[in-house]
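[1] Okay, sequence plus prediction incoming.
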Amino acid sequence: MGLILVAAEVAGGSPSPLTLELVSHARTLGDEVAVVVLDPEADAVLPALGAHGASQAYVGRETAYREHLGQPAAQVVSALVDRLHPDLVLFPGTQEGRDLAARVSARLRLPVLANAIDVTKDGDAFLVRTAIFGATVDVITRTRSRSPLVLVRPKSFTATASGGPQPATEVLPLPAEAPLGARRLESVVAPSAGPGLEEAKVVVSGGRGMQEAANFEVLEHLARQLGGAVGASRAVVDAGWVPYALQVGQTGKTVKPDVYIACGISGAMQHLVGMKGSSHIVAINKDPDAPIFKLSDLGVVGDALKVVPALIEELRARGLS
Amino acid sequence: MGQLHHGAIGFPLRRTRLAPGSLAIIRLRFDVPDRPVRWGQFTQFREGTPGVKVAVFVKQIPDPTGVGRLDPVTHLLVRDGSELVLDPGDANGVEAALRVVEANGGEVVAITMGAERAAEVLRKAMAMGAGSAIHVADDRLRGSDALATARVLAAAVARSGCELVVAGTESTDGYTGTVPAAVAELLGWPALTFAKALELDSGTVRIHRQTPAGHDVVEAPLPAVVTVTGAINEPRYPSLRGIMAAKSKPLEQLSLDDLGVSPDEVGLAAAGQEVISAAPAPERAAGELIEDDGSAARRIADYLAELKVI
């Protein structure tokens, strides 16, 4: 057992939930967990990282890590991996994590595995589980290089506190000659960004079968009645019906609500990987052969545009406005 | 860059930024007291196609609406027997590259790495409007992982002389999503990823990068790599004329040797990992499937009540 390095992400002054999941799971893979935190607010997140099992933190506080995409962080993380030779490096499977892991892979000629849903130790190597073909096939890959880089999907592990102390800290300076690359000029927050999609107990999601953007109003109504949040398939986000914040799936959010209600969603591979972990799945779709029905606990072959308004009326009759 | 032709005069000129393919005629006036005014004239010409040379990565994949299969022994994707298509995400990349060139002048070069048949997707990209194509085809590439793929594609880009690379965010079959940023790192270029809008102005690329909360405005000078999402555009269909024209557009086939990439660095043997099993995922318990005869809403409400959601 050796050293596991975790690339941490900071969101609003806290470690991202995914970061804590990775640090917690890393404890089962090695006897020492180190984190690398590159963010102006890095110091603020160290207690939480320590409490989840990180004993050593490598910290960079330059604003360049927020202002520039990938390149500055890749140089510093690559130099660190090259120095420490960790058994394994875990990256959050986010947009930033992907860019970073890809660059470290290219710099150090190390393999990168993406979309992991489980990582276990196997002798000197690691077994990495991924789900392909709409999460219908489980693939297990065995690493065979030093310091493999693994990108992990959100909610693959549970964050559990170990009660550890604040980690020992070493500051990593950003080399002055480092090329910074693409610069972030501004961040625009979409006003309709749906809060709580990832935390909601009930998610009501719509796809192409909703026919047009205006019909998402009925999904919002149903979600309100059930105290839930609205989600969407990539197809309707790409069509511009709803903002990207609502997208559930591979490049969108991963949700695991108590109930997921899929309305007019056929169940493309990249959608299923984002909602497969839901405790209960209800699907409404016109096509009896839609892949979504293979996952659903209750499937309704029918037009979502008729069934959802009828359901709203039914719930109203049962006292939910 | 600039070349002086006839009429050049003997003092250094300030460096001018002349677009490739354009011609400047510069006249100079010499005023000497008690002498007639004299004029000097020279022209400056920059060779090459005007505008920007844009590479677009394309991949041939089994029809994503079909059922994917893995070979039980090699665990590689089975391509025989499936209909092979241009990855839909790459069609957005081709469209984005064409729009950059339509706005700025220049040329789109479609690049793929793959088996013999993968040339079909290059013809499709050229039917949409790409001017030429590069096909890296070499049996030794079979089973290459994301890093090896990035090394080959980076070498192809360097050889092509392109200064902008456009790619889909991830392939629809493998969805690793690390190849474009790895190519950027190998070339030492910035990568502007997850673009839902893209523009090029005076050598600066600017994108709207999708974020969980909205979007970020991100920019970088050329050369650069951009990855696009499906939200960026609606890809055009090739016209009949485009399809006919594509047949005679230049398609260059390259081997590893042509690119100077060592065979030891690619293929199944060089991959830093091996697939040891691929098995059906544990199925969820078989669910209830009903036809909506008008009573489905009541059944769903009952189910939600059973789960104590209502």
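    Now that the structure is in, tell me what you want to look at. Numbering: from 1, shown residues only, chains lettered A, B, ... in the order given.

[2] helix, strand or coil for the closest residue to B:V100 other than its chain neighbours?
    Distance criterion C-beta to C-beta, 6 or more residues apart in numbering or on different chains; nearest residue to B:V100, sequence neighbours excluded, is B:L200 at 5.2 Å. Heads up, the C-betas are built off the backbone N, CA and C, glycines and all. With DSSP: H, G, I helix; E, B strand; the rest coil as the basis, B:L200 sits in strand.

[3] My guess is B:L147 contacts A:R109. True?
    Yes - using C-beta atoms under 8 Å, B:L147 is in contact with A:R109, at 6.9 Å.

[4] Which one's more surrounded, those two?
    Counted by other C-beta atoms under 10 Å in any protein chain shown, B:L147 and A:R109 do not tie: B:L147 has more neighbours, with 27 against 13.

[5] how far away is the more buried one from B:A103?
    As judged by C-beta to C-beta, to the nearest Å, B:L147 and B:A103 stand 34 Å apart.

[6] need the contact list for whatever residue of the stretch 101-250 of chain A ends up closest to chain B.
    Ranking the residues of the stretch 101-250 of chain A by distance to chain B (C-beta to the nearest C-beta) places A:P111 first, at 2.6 Å. Residues near A:P111 by C-beta atoms under 8 Å, 6 or more residues apart in numbering or on different chains: A:S105, A:T143, A:S145, A:P148, A:L149, B:D145, B:A146, B:L147, B:A271, B:G272, B:Q273.

[7] 7 Å - rerun?
    Neighbouring residues of A:P111 by C-beta atoms under 7 Å, 6 or more residues apart in numbering or on different chains: A:S105, A:S145, A:P148, A:L149, B:D145, B:L147, B:A271, B:G272, B:Q273.

[8] The spatially closest residue to the second one that is not a sequence neighbour: neighbour count?
    The spatial neighbour of A:S145 that comes closest, neighbours along the chain excluded (C-beta to C-beta, 6+ apart), is B:G272 at 3.9 Å. The burial count assigned to B:G272 is 22, neighbours taken as other C-beta under 10 Å.

[9] OK, contacts around the residue in chain B sticking out farthest from the centre?
    No residue in chain B sits farther from the centre than B:D34, which is 63.3 Å out by C-alpha atoms, centre = their mean. Not one residue lies near B:D34 by C-beta under 7 Å, 6+ apart.

[10] In terms of helix, strand or coil, where does it fall?
    Under three-state DSSP, B:D34 comes out as coil.

[11] need the helix or strand of the chain with the lowest average pLDDT.
    All of this is about chain A. The least trusted helix or strand in chain A, going by mean pLDDT, DSSP states H and E, turns out to be helix A:269-275, with a mean of 88.

[12] wrong one, chain B
    For chain B, judged by mean pLDDT, DSSP H and E, that is strand B:2-4, with a mean of 37.

[13] and the residue nearest to B:V100, how far is that from chain A?
    Look at B:L200 and chain A: by C-beta to the nearest C-beta, to the nearest Å, they are 14 Å apart.

[14] And for B:V100?
    Distance check for B:V100 against chain A: by C-beta to the nearest C-beta, it reads 16 Å.

[15] Leaving out sequence neighbours, find the closest residue to A:G252.
    Nearest to A:G252 is A:G274, by C-beta to C-beta, 6+ apart, at 5.9 Å.

[16] Just give the number of residues close to the one you found.
    Neighbours of A:G274 using other C-beta under 10 Å come to 27.

[17] ok, B:I61 touching B:S171?
    Yes - taking C-beta atoms under 7 Å as the definition, B:I61 is a contact partner of B:S171 at 6.4 Å.

[18] Work out the gap between the lengthiest helix in chain B and the centre of the chain.
    Secondary structure of chain B read by DSSP state H shows that its longest helix is helix B:88-104. Helix B:88-104 sits 8 Å away from the centroid of its parent chain (C-alpha atoms, centre = their mean, to the nearest Å).

[19] what is the rounded mean pLDDT of that helix?
    Average pLDDT, helix B:88-104: 96.

[20] With stretch A:145-163 instead?
    94.

[21] same thing with stretch A:172-189?
    92.

[22] ok, now stretch B:243-263?
    Mean predicted lDDT for stretch B:243-263 stands at 96.

[23] Contacts (any at all) between chain A and it?
    No - with C-beta under 7 Å from any C-beta of the partner chain as the criterion, chain A is not reached by stretch B:243-263; the gap is at least 11.8 Å.

[24] Contacts made by that stretch with the rest, please.
    With C-beta under 7 Å, 6+ apart as the test, stretch B:243-263 has contacts from B:119, B:122-123, B:126-127, B:131-138, B:140, B:151-152, B:155-156, B:159, B:266.

[25] List the buried residues of that stretch.
    B:A246, B:K249, B:L251, B:E252, B:L254, B:L256, B:L259, B:V261 (16 or more other C-beta atoms under 10 Å in any protein chain shown).

[26] Repeat that for stretch A:167-174.
    Quick answer for stretch A:167-174 (16+ other C-beta under 10 Å): A:P167, A:L172, A:L174.
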